[in-house]
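K.L.:
what's the 3D shape of this:
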Amino acid sequence: KRQLICIREAFGQIIEYAMFSKNNHADKLIVVGVNKPSNSEIEYLNHLRQTTGLSIYYQVFDLIIKKLKQKLY
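P.N.:
Residues are numbered from 1 along each chain as shown. Below is the predicted model of the structure:
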């Protein structure tokens, strides 16, 4: 559930960042969190991509090694 809250809170902010300039330079919009998303959260991201046409993804930041994991959800 924490990832869903993270996605919801970040959605408006990353849309604003991506659209602030008339020159849209963002290939992907990525929400970063510390936990892997659940299946329902992955389905929600898929739904957002399908309904909005935006390339919005979730990526996990590993607090132990202080790096982003490669996989995008």
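
K.L.:
now the helices for the chain?
P.N.:
Secondary structure of the chain (DSSP state H): helices at 2-19, 39-52.

K.L.:
So for residue 69, which of those sits nearest?
P.N.:
helix 2-19 (13.3 Å; Cβ to Cβ). Glycine gets a C-beta too; all of them are placed from N, C-alpha and C.

K.L.:
what packs against the closest one?
P.N.:
Packed against helix 2-19 by the contact rule (3 or more Cβ pairs under 8 Å, 6 or more residues apart in numbering; DSSP states H and E) you find strand 29-33, helix 39-52, strand 56-62.

K.L.:
Give me the contact list for the first one.
P.N.:
By Cβ atoms under 8 Å, 6 or more residues apart in numbering, the residues outside strand 29-33 that reach it are 2-3, 6-7, 10-11, 14-15, 17-18, 54-61, 68, 72.

K.L.:
redo that, cut-off 7 Å
P.N.:
3, 6-7, 10, 14, 18, 54-61, 68, 72 (Cβ atoms under 7 Å, 6 or more residues apart in numbering).

K.L.:
So, low pLDDT: which residues of this structure?
P.N.:
Applying pLDDT under 70 to the chain flags the ranges 1, 21, 23-24.

K.L.:
residue at max distance from the center of it?
P.N.:
Farthest-out residue of the chain from its mean C-alpha position, per Cα atoms, centre = their mean: residue 22, at 21.4 Å.

K.L.:
which ones are touching that one?
P.N.:
Per Cβ under 7 Å, 6+ apart, neighbours of residue 22: none.

K.L.:
Same question for the one 5 residues further on.
P.N.:
Residues near residue 27 by Cβ under 7 Å, 6+ apart: residue 55.

K.L.:
Quick check: closest non-adjacent residue to the residue nearest the centre of the chain.
P.N.:
Nearest to the mean C-alpha position of the chain, counting by Cα atoms, centre = their mean, stands residue 31 at 2.8 Å. Leaving out its chain neighbours, the residue that sits closest to residue 31 by Cβ to Cβ, 6 or more residues apart in numbering is residue 10, at 4.3 Å.
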